[in-house]
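[1] Make a model of this:
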Amino acid sequence: MTTRNQHDDASVLPRDLAPLVSNQGAKLIPEELSRYSRHILIPELGLTGQQRLKNARVLVIGAGGLGSPTLLYLAAAGIGTLGIVDFDLVEASNLQRQVIHNMNTLGQPKTKSASLAIKALNPNVKVQLHELRLDNSNALELFDQYDLIIDGADNFATRYLVNDACVMANKPYVWGSIYRFEGQVSVFWENAPNGGLNYRDLYPEPPPPQFAPSCSEGGVLGVLCAAVASAMSTEAIKLITGIGETLLGTLMVYDALRMRHRYLPLQRDPQRIPITSLQDYPQFCGIGQPTNAQTEVPSISATELHTLLVKEPTVTLLDVREQNEWDIVHIEGAHLLPKAYVLTSLGQGVMAEKDAPYVVYCKAGTRSREVVQAMLTAGFSNVRNLQGGVLAWVHDVNPTLASY
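    Numbers count the residues shown, from 1 in each chain. Down below sits the predicted model:
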C-alpha cells in the first residue's frame, strides 16, 4: 500500500470532480418527480442531478454481500440503467447479508433474483443481466457499455481484473471489500482529470492465497455489508452528479466493532508499470499454482470415507478447522485439532502413531491438504485428505447436516 503524508497538500488529488453523466434528454415524468422529490429538494442535487442519475448506466460486479444493498440503494436513487454481473445461485447462507435475495428466490440465479427485487422497488429502472463469470474475454466489451463500474467482488483475481479493465477502458470505479468486522472503500480512476490512481497503487501485489480467506471461510458481520455498500453507493452518486468530494486518492477504513472510520491518503506507486493488457489473474494471485498447500496428496472421497468408517472404525478423523466452524457442522467421531495446532504438534496426542490410519478434513479440502502434506513429510505413512471436505460429506453422505 502506498500512502502519503496527510499534510502533503501538494500531492493531494482533486476530489471534487465534474459530473460523470450529462443531464441532457432526461425528462422526469410526474411519477418520478414525486418519487425523487426528496432528492430534488436538496440544492446541491436538484432536478439536474436527478436527471443525471436517470441518464446513468452503472455496472455492479457481484450481487452478493456488497452488491445486494448497493443495487437496492442505486435503484431507489433512480439510476436509469443497472447492469448486474454474477454467475452464482442464491443459497440460504447468503440471506444473512445479501438483502436483495429472499426465501422465494433460493436456487435461482442471483442476477434474476436481484432483478426481481429491483423491479419491485422501482419499475422505472432498466436492469441488464450478465449471468457470466467476468474474465479477460468479456470484461472490456462489457465495461464499454457503462459509465461507472462498482466492484463488489470477493476475491483478488477479480479485483485486479476489474481494475486493469477499467484502466484500459478509461472507466472510473468504486471499490469496496469486507471481512468479519472491517470494511474498506475507495474510488479508482487512472485517467481522472488532473491525475488519478488505480487499485495497484493500493495493493501492488496480491497476498498469498492462504492469507486471503474469503467471507465463506472467515465470516462477515451481515450489517457490515450495508454500511460499506452505503458508502459505495454514495460515492457512485457523487461521481455521476459531480457533487461533493469523492474518495479518489483516499482509502476509507471502517471498523464496525469500534464504530470508527479512518481515512488514509494514497499516492501513485512509483514502481508501477503502465497497464496495457489483461493478464492471467488466477495465476497472478497464486490460484491453482503448485504451492506446498496445493501439492497432490493421497485422498479419499466422502462416500469412500463413509464405507471405510464402517469397515475400519479405528481410523482417526482429524478436523483441522476452527471451533466456530465445528459448531456449525462436523463428522461424528472426529477430533477437532485446528490446523495451526496440528502443524506444531505432529506426533503428539491422537497423532502419536505414525503408522496408524488417518483421514484429515476441513471445509472444502484446502487446509486439510496442507496438513496431510506436513504429516507425510513428518513420516506418517497412512494419511489421506477428504476430497471436498465436510461440505462433500454433507452433500454426498448426510444431507441432514448443516452447511455453510
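[2] give me the number of residues near Leu106?
    Applying other CB atoms under 10 Å, we find 14 residues neighbouring Leu106. For every residue, glycine as well, the C-beta is placed using N, CA and C.
[3] Just the element for the residue nearest to the spatial centre of the chain, please.
    Residue closest to the average C-alpha location in the chain (CA atoms, centre = their mean): Asp154, at 1.4 Å. Here Asp154 sits in a region with no helix or strand, counting by DSSP states H and E.
[4] so where's this protein uncertain?
    Along the chain, the model assigns pLDDT under 70 to residues 1-14, 210, 212, 288-295.
[5] Quickly list the domain ranges of it.
    9-21+56-284, 292-396 (automatic domain parsing).
[6] most packed of those domains?
    domain 9-21+56-284 (a mean of 19; mean count of other CB atoms under 10 Å).
[7] Quick check: closest non-adjacent residue to the residue nearest to the centre of the chain.
    Ser214 (5.6 Å; CB to CB, 6 or more residues apart in numbering).
[8] and what of Phe87?
    Closest to Phe87 by CB to CB, 6+ apart is Arg133, at 4.9 Å.
[9] That neighbour contacts Asp88, doesn't it?
    No. Counting by CB atoms under 8 Å, Arg133 sits too far from Asp88 to count as a contact (9.7 Å).
[10] coming back round to it: wait, what's in contact with the residue nearest to the centre of the chain?
    Contacts for Asp154 (CB atoms under 8 Å, 6 or more residues apart in numbering) come out as 62, 64-65, 177, 214-215.
[11] tell me which of those residues is nearest to Val342?
    Taking CB to CB as the measure, Val342 lies nearest Ser214 of these, at 21.8 Å.
[12] For the stretch 51-200 of the chain, which segments are assigned as strands?
    In the stretch 51-200 of the chain, the strands defined using DSSP state E, counting those that start in this stretch lie at 57-61, 81-85, 126-130, 148-151, 173-179, 182-188.
[13] is it possible to export the domains of the chain to a markdown table including distance to Leu45?
    Supplementary listing: the domains of the chain in a markdown table, determined by distance: least, CB to CB, whole Å:
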| stretch | distance to Leu45 |
| --- | --- |
| domain 9-21+56-284 | 6 |
| domain 292-396 | 44 |
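[14] Let me know the closest of the contacts of Asp154 to His306.
    Using CB to CB, the contacts of Asp154 come closest to His306 at Ser214, 27.9 Å.
[15] Could you pull up phi and psi at that closest one?
    With angles defined as degrees, to the nearest 10, Ser214 sits at phi -80, psi 170.
[16] can you check Ala63 too?
    Reported as degrees, to the nearest 10, the phi and psi values for Ala63 are phi -110, psi 50.
[17] isn't it right next to Val99, touching?
    No. Counting by CB under 8 Å, Val99 is not a contact partner of Ala63; they are 10.8 Å apart.
[18] Asp151 is in contact with Ile61, correct?
    Yes. Contact criterion CB under 8 Å: Ile61 and Asp151 qualify, at 4.9 Å.
[19] what is in contact with the two at once?
    Joint contacts of Ile61 and Asp151 (CB under 8 Å, 6+ apart) are 158, 162.
[20] And stretch 334-346, end to end?
    17 Å (CA to CA, to the nearest Å).
[21] and it, how far from the chain's centre?
    Between the centre of stretch 334-346 and the centre of its chain there are 29 Å (CA atoms, centre = their mean, to the nearest Å).
[22] Can you list the neighbours in contact with that stretch?
    Contacts for stretch 334-346 (CB under 8 Å, 6+ apart): 316-323, 326, 330, 349-351, 361-362, 367-368, 370-371, 374-375, 378, 380.
[23] Looking at this structure, which helix is longest?
    Looking across the chain with DSSP state H, the single longest helix is helix 222-241.
[24] For it, name the packing helices and strands.
    helix 46-55, helix 67-77, strand 148-151, strand 173-179, strand 182-188, strand 250-255 (3 or more CB pairs under 8 Å, 6 or more residues apart in numbering; DSSP states H and E).
[25] got TSV for these, with distance to Ile118 too?
    Formatted as TSV, the helices and strands packed on helix 222-241 follow (distance: least, CB to CB, whole Å):
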stretch	distance to Ile118
helix 46-55	15
helix 67-77	4
strand 148-151	14
strand 173-179	18
strand 182-188	22
strand 250-255	25
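[26] Among these, which comes closest to Ala229?
    helix 67-77 (3.8 Å).
[27] relative to strand 81-85, how tilted is the closest one?
    Interaxial angle, helix 67-77 versus strand 81-85 (axes from the mean of the first three to the mean of the last three CA atoms, to 10 degrees): 170 degrees.
[28] which strands and helices sit next to helix 67-77?
    Short answer (3+ CB pairs under 8 Å, 6+ apart): helix 67-77 packs on strand 57-61, strand 81-85, helix 110-121, helix 222-241.
[29] In CSV, list the C-alpha atoms belonging to that helix.
    Coordinates of each C-alpha in helix 67-77 appear next as CSV, following Å, rounded to 0.1, in the frame of the first residue of the first chain:
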residue,chain,number,x,y,z
GLY,A,67,-23.7,-5.8,-4.5
SER,A,68,-27.1,-6.5,-2.8
PRO,A,69,-27.5,-3.3,-0.8
THR,A,70,-25.7,-1.3,-3.5
LEU,A,71,-28.1,-2.4,-6.1
LEU,A,72,-31.1,-1.6,-3.9
TYR,A,73,-29.8,1.9,-3.0
LEU,A,74,-28.9,2.8,-6.5
ALA,A,75,-32.3,1.5,-7.8
ALA,A,76,-34.1,3.6,-5.2
ALA,A,77,-32.0,6.6,-6.1
